[in-house]
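sequence first, predicted coordinates after that:
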Number of protein chains: 2
Amino acid sequence: LSDTPDEFSLIAELFAPLARGYPGALGLIDDAALVAEQPGTEIVVTVDAMVAGVHFLPTDAADLVARKLVRVNLSDLAAKGARPFAVLLAAAFPHGTGRAWLEAFAAGLGADLQEFGIALIGGDTVATPGPLTLSLTAMGRVEAGNALLRSGAKAGDELWMSGTLGDGALGLLAAQGLLTTVDAEAVDYLADCYRLPRPRVTLGPSLVGLANAAMDVSDGLAQDLEHLCRASGLGAIVETTALPLSPAARQAIDADQSQLARALTGGDDYEILFTVPPGAADTLHRLAGESAVPLTLIGRMVQGSAVTLLDEAGRPIAVGQGGWRHFSTHGSGAGT
Amino acid sequence: LSDTPDEFSLIAELFAPLARGYPGALGLIDDAALVAEQPGTEIVVTVDAMVAGVHFLPTDAADLVARKLVRVNLSDLAAKGARPFAVLLAAAFPHGTGRAWLEAFAAGLGADLQEFGIALIGGDTVATPGPLTLSLTAMGRVEAGNALLRSGAKAGDELWMSGTLGDGALGLLAAQGLLTTVDAEAVDYLADCYRLPRPRVTLGPSLVGLANAAMDVSDGLAQDLEHLCRASGLGAIVETTALPLSPAARQAIDADQSQLARALTGGDDYEILFTVPPGAADTLHRLAGESAVPLTLIGRMVQGSAVTLLDEAGRPIAVGQGGWRHFSTHGSGAGT
């Protein structure tokens, strides 16, 4: 990709339709976008960066790369209880990026913006001699004062999570052809989970008023739970036997117990980890049904600062010195 | 830079203080930031990406890289008439980026955030095998309905610009040691303009209610004026003899007339180009004094779609086929 007039035009032509329906996007032809301020809500804003070869495979399809970028950000908003309304894209495309690739990327972006009912309201496109590097800023809204924070957990809260654990991390292996211990169906299922996260956009807002604290699980449950504990000034106890596993992940772990560590620390889950006061189980099970996302009680918040994982006999599992992230196969870095 | 705990901690330690004073930043330890919505204003949001070796020199000092990133974005907000309040940073740091570099980068970022009275409210930091790649999302506010748009120009409007033209583009040459026709003082002046833009943050908001249209000049006056004309459905006539030049730029152009094309098309000006109904000259000269930024009448908006540059004898200057951007020495790409 060079900055020739043709490529300016192509990008404008591909992206401009993604701004339709949001007048403040100014058709993507101005220097900035306008967001009307509404009474009673506050804006929740987040940004995530992804680099080819680090956060996705260079061979991943262009449309899936775009959709993963959107979904990773929507997961952050969902974990705050916010409903998304807009994104801005900063893209550094490698020299030589072709028309077909850009078209597929824009198509994937458009498909997800439509699926989640949001608009592209701004961006910047540049050429790079390096790998494809993308960052997306996503904006959502939550009732003022009601955002779910990492810092709100109380001692005695139950610890719950949505969905299943480790499918993304095991899916990276599967997508690379490195997961040989499971059947073909499981390989496909896990690889798909890695490539196309399902952000919990319906569940997140419905946790407002129920959960005391929440965050999305993107860097691995073990590490993210440490962050939640630190922000809340508490410790946590997790029953590993309660951890929700998909049939495919269970197959992989049954074949190779060391994959449990990967599931716990590998990242790319994009589930919501949250704490609730005891007594909310019935409400949560109803919510699980309404949002078609399983919700599982996995532990509890306690005084102190330690995150303790218990095995099936109630014994603490040793996790090595220096935390969990040494297990991580690829880093998503320090982010908010 | 690898994603080890130490580097997580370093970045957290360096950036967290930049969020002080903005409670919605949640100390940069949460997944997102909260922006309270205010009555009577609207939020203006913009994003710009920069790649080492493309938008700044790999040898540029880390603090200046950070400050340029902030200023390029604030220039976009200023051109909309908005007052900035917050930024989010997405940074892909090359493997091996050292502590000293990161400290200088954070110091430069902090210096500018303080100078402009804004906070870092979120971000994402990742490692890249490629060049340093940065994107900044900047947020500002303008009175609801009063943002200055590219599309508001009227036929008969006067065309004005702030500051001087071409210092950034000539400054790139100067910074590379390639501008040998001017004296050392001029080299220093121009290189400084390239490295550290002065966004017109005071002037921009004061143009609200006066200007019919505005945009920042970042990709070269010629190209940016074409964008303003297209958005407004008009043409423009520019008197090149009226174009404001710094003494240093005049020195370079007097020595080599071909540098005028570079000044017109080279980009990196970060001045505000705006249109006003005739009769505002006195008000604008007063504003120029108050904001300590020269304001110059350079032409007028006309019916049609052509951008015509006139020489000292009133003859149109030929600018080659296909627009101006072929002159550009480095591209900032298609952006909003």
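Everything's here; your move. Residues are numbered from 1 along each chain as shown, chains lettered A, B, ... in the order given.

from the chain's centre, how far out does stretch A:216-225 sit?
10 Å (Cα atoms, centre = their mean, to the nearest Å).

what's the mean pLDDT across stretch A:297-315?
Per-region confidence: stretch A:297-315 scores 94 on mean pLDDT.

and what of stretch A:270-284?
According to the model, stretch A:270-284 has a mean pLDDT of 97.

quick check: buried residues in it?
Within stretch A:270-284, the residues that count as buried by 16 or more other Cβ atoms under 10 Å in any protein chain shown are A:Tyr270, A:Glu271, A:Ile272, A:Leu273, A:Phe274, A:Thr275, A:Val276, A:Ala280, A:Leu284. From N, CA and C alone the C-beta is placed, and that goes for glycine too.

adding secondary structure and distance to chain B, write those out as CSV.
As requested, the buried residues of stretch A:270-284 are exported to CSV (DSSP: H, G, I helix; E, B strand; the rest coil; distance: Cβ to the nearest Cβ, whole Å):
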residue, secondary structure, distance to chain B
A:Tyr270, coil, 11
A:Glu271, strand, 13
A:Ile272, strand, 10
A:Leu273, strand, 11
A:Phe274, strand, 12
A:Thr275, strand, 14
A:Val276, strand, 18
A:Ala280, coil, 22
A:Leu284, helix, 21
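
distance check, the closest residue in space to A:Ile272 that isn't next to it in sequence against chain B.
Using Cβ to Cβ, 6 or more residues apart in numbering or on different chains and skipping the chain neighbours, the partner closest in space to A:Ile272 is A:Ser162 (4.6 Å). A:Ser162 sits at a distance of 15 Å from chain B (criterion: Cβ to the nearest Cβ, to the nearest Å).

what does A:Ala144 give?
Going from A:Ala144 to chain B by Cβ to the nearest Cβ gives 7 Å.

count of neighbours near the residue nearest to that residue when sequence neighbours are not counted?
Excluding the flanking residues, the one nearest A:Ala144 by Cβ to Cβ, 6+ apart is A:Glu42, at 4.8 Å. Neighbours of A:Glu42 under the rule other Cβ atoms under 10 Å in any protein chain shown: 23.

what do you get for A:Leu179?
22.

per-residue pLDDT, it?
Looking at A:Leu179, its pLDDT is 95.

what residues are bridge-paired with the residue nearest to A:Ala144?
Beta-bridge partners of A:Glu42, counted by DSSP bridges, are A:Val142, B:Ala36.

how about it, what does it touch?
For A:Glu42, the contact set (Cβ atoms under 8 Å, 6 or more residues apart in numbering or on different chains) comprises A:Arg141, A:Val142, A:Glu143, A:Ala144, A:Gly145, A:Ala147, B:Gly24, B:Leu34, B:Val35, B:Ala36, B:Glu37.

are any of those buried, and if so which?
Listed as buried from these are A:Arg141, A:Val142, A:Ala147, B:Gly24, B:Leu34, B:Val35, B:Glu37; burial here means 16+ other Cβ under 10 Å.

now for chain A, the helix or strand with the poorest mean pLDDT.
helix A:5-15 (a mean of 75; mean pLDDT, DSSP states H and E).

where's A:Asp188 relative to A:Leu64, distance?
Per Cβ to Cβ, to the nearest Å, A:Asp188 is found 14 Å from A:Leu64.

those two: who's more crowded?
Remark: of A:Asp188 and A:Leu64, A:Leu64 carries more neighbours, 18 against 15, as counted by other Cβ under 10 Å.

in this structure that one contacts A:Leu196, no?
Yes - using Cβ atoms under 8 Å, A:Leu64 makes contact with A:Leu196 at a distance of 6.0 Å.

where exactly do the helices run in chain A?
For chain A, the helices defined by DSSP state H occupy A:5-15, A:62-79, A:99-116, A:167-175, A:184-195, A:203-206, A:221-232, A:247-255, A:259-265, A:281-291.

who touches the last one?
Residues from elsewhere that reach helix A:281-291 (Cβ under 8 Å, 6+ apart): A:Glu158, A:Trp160, A:Arg200, A:Thr202, A:Leu203, A:Ser206, A:Leu207, A:Leu210, A:Val276, A:Pro294, A:Leu295, A:Leu297.

which of those sits closest to B:Leu264?
B:Leu264 has its nearest neighbour among the contacts of helix A:281-291 in A:Arg200, at 51.5 Å by Cβ to Cβ.

in chain A, which residue sits closest to chain B?
A:Gly130 (2.1 Å; Cβ to the nearest Cβ).

show me what contacts the nearest residue to that residue once chain neighbours are set aside?
Of all residues not flanking A:Gly130 in the chain, B:Gly130 sits nearest, at 2.1 Å (Cβ to Cβ, 6+ apart). Contacts for B:Gly130 (Cβ under 8 Å, 6+ apart) come out as A:Val51, A:Thr128, A:Pro129, A:Gly130, A:Pro131, A:Thr133, B:Ala92, B:Pro94.
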